[in-house]
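Visitor: Provided below are the primary sequence and the corresponding predicted coordinates.
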Amino acid sequence: MDRRVLMGGIVASSAFSAARAMQGYGIVAPGVDSWSESLMLLHFDPEVRNGVSVRVSRYPDLNCSWVWCHVLLEGKMYAYTERRLPCSSIRNLGTAAVGDYDSAAARVAFTRSGSVDQMQDIRLSAKVLGRQSSEGRDGPGDIPIAVHALFRPEKLKANPPPGRSEWTGHAEIDLVVGKRRINLKGVAKAHEQTQTAPRFDMPFTYAMMWSPTASFIATSTSKKRYGNFEADGTAHAVTDFQPSHPDRKRQFTALLDDGQRLQGLASRVAAYDVPVFDRVWNGNIVRADVGGRPMVGMLNDWRPQDQVFE
């Protein structure tokens, strides 16, 4: 390649990167098609007293990132969320050997190693300023929060929608809130999703629950109900998921591909809201019974007032 062409390309790329940085951040509008991608990692201890939930969403074509960081420490909720963050123009593809979900502006390093089909691990390092709150409000607080986590998957879940990958596995987490520090180990959940269709475009209820020997993942929308139930190494597709109205104790049923019907009960332990567009997404950390199996996890709602419940 002609050296002048190569140098010209480098200069042009540098100028574009500098101009993009000067833009600050973009805005995500509801209902707009644009490439987007997200990575999320969750873990709660069996007593549901301590845990973490961290999610980074990237909109490369819009120069915008969203970061959600929620921590449960000794039963108290701490939160940091921000939608006013820049984003590089690089896209993360599931076939790539690395998925880079870092947000330097938020001091979050979040990386998948290995393709989604043969993922080796997810590494997370976050240092944010949060607040003791479950309120859906962007911006930093005055409490230092640090999360360092290593997640190793056990199995890629079956029956997800196109572009989505879900895993349960084992996590080791070092968590610091203010001057308090704890180490957590145990079963954890992660998922990654890429799409061009608008996000948060329709009401939904999403369940993700797990234990050392079982997991339950299910989504209910007006168009489709689907998921995966795994117990003792045997997996079944969820063909129907019917949650009841949001409440502190919430019943649900799930139909499996072998005709089995699971009965479930989720009891809310903690809750938090996240601002999305001009509304809030409702996150519920739960202790659950799924077909007679105790689990922990989350049962979340987006626009529940527009959702159809059983």
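Guide: Happy to help now that I have it. Predicted model only: the values in this text are computed from it and were never measured. Numbers count the residues shown, from 1 in each chain.
Visitor: after the helix or strand of the chain with the lowest mean pLDDT comes which helix or strand?
Guide: Using mean pLDDT, DSSP states H and E, the weakest-scoring helix or strand in the chain turns out to be helix 3-23, at a mean of 43. Counting by DSSP states H and E, the next helix or strand C-terminal to helix 3-23 is strand 36-44.
Visitor: can you name every helix or strand that that next one contacts?
Guide: Strand 36-44 makes packing contacts with strand 51-59, strand 108-113, strand 121-132, strand 143-156, strand 164-177, strand 180-195, strand 293-302 when contacts are defined by 3 or more Cβ pairs under 8 Å, 6 or more residues apart in numbering; DSSP states H and E. Every residue, glycine included, has its C-beta placed from N, CA and C.
Visitor: just put those strands in a markdown table and tack on mean pLDDT and mean neighbour count.
Guide: Output for the helices and strands packed on strand 36-44, formatted as a markdown table (pLDDT from 0 to 100; neighbours: other Cβ atoms under 10 Å):
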| stretch | mean pLDDT | mean neighbour count |
| --- | --- | --- |
| strand 51-59 | 98 | 24 |
| strand 108-113 | 98 | 20 |
| strand 121-132 | 98 | 19 |
| strand 143-156 | 96 | 18 |
| strand 164-177 | 98 | 20 |
| strand 180-195 | 98 | 18 |
| strand 293-302 | 98 | 22 |
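Visitor: how about those strands in TSV, adding distance to A231?
Guide: Rendered in TSV, the data for the helices and strands packed on strand 36-44 read as follows (distance: least, Cβ to Cβ, whole Å):
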stretch	distance to A231
strand 51-59	22
strand 108-113	26
strand 121-132	24
strand 143-156	13
strand 164-177	12
strand 180-195	13
strand 293-302	7
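Visitor: and S215, which of those is closest to it?
Guide: Proximity to S215 (Cβ to Cβ) singles out strand 164-177 among those, at 4.8 Å.
Visitor: convert the C-alpha atoms of the closest one to CSV, please.
Guide: These are the backbone C-alpha positions of strand 164-177, laid out as CSV (Å, rounded to 0.1, in the frame of the first residue of the first chain):
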residue,chain,number,x,y,z
ARG,A,164,-29.3,-13.1,22.1
SER,A,165,-27.1,-15.4,24.1
GLU,A,166,-27.6,-16.4,27.7
TRP,A,167,-25.5,-18.3,30.2
THR,A,168,-25.4,-19.4,33.8
GLY,A,169,-22.0,-20.2,35.3
HIS,A,170,-19.8,-19.4,38.2
ALA,A,171,-18.7,-15.9,39.4
GLU,A,172,-16.0,-14.6,41.8
ILE,A,173,-16.7,-11.0,42.8
ASP,A,174,-14.8,-8.5,44.9
LEU,A,175,-17.3,-5.8,46.0
VAL,A,176,-16.4,-2.6,47.7
VAL,A,177,-19.1,0.0,48.8
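Visitor: any idea how far it is from the middle of the chain?
Guide: Strand 164-177 has its average C-alpha position 11 Å from the chain's average C-alpha position, going by Cα atoms, centre = their mean, to the nearest Å.
Visitor: could you do stretch 133-153 as well?
Guide: On the basis of Cα atoms, centre = their mean, stretch 133-153 sits 13 Å off its chain's mean C-alpha point.
Visitor: ok, stretch 288-308 next?
Guide: A distance of 15 Å separates the centroid of the chain from that of stretch 288-308, by Cα atoms, centre = their mean.
Visitor: end to end, how far does it reach?
Guide: Here the two ends of stretch 288-308 are set 22 Å apart, with distance taken as Cα to Cα, to the nearest Å.
Visitor: go on, stretch 184-203?
Guide: Using Cα to Cα, the span of stretch 184-203 from its first residue to its last is 33 Å.
Visitor: relative to the whole chain's centre, how far out is that stretch?
Guide: Its chain's C-alpha centre lies 4 Å from the corresponding centre of stretch 184-203 when counted by Cα atoms, centre = their mean.
Visitor: please apply the same query to stretch 198-214.
Guide: 9 Å.
Visitor: ditto for stretch 231-240
Guide: Averaged over its C-alpha atoms, stretch 231-240 has a centre that lies 21 Å from its chain's centre (Cα atoms, centre = their mean).
Visitor: in that stretch, which residues are buried?
Guide: In terms of neighbour count (16 or more other Cβ atoms under 10 Å), stretch 231-240 has its buried residues at 231, 236, 238-239.
Visitor: and for stretch 57-69?
Guide: 57-60, 62-69.
Visitor: now that stretch: how far from the chain's centre is it?
Guide: 13 Å.
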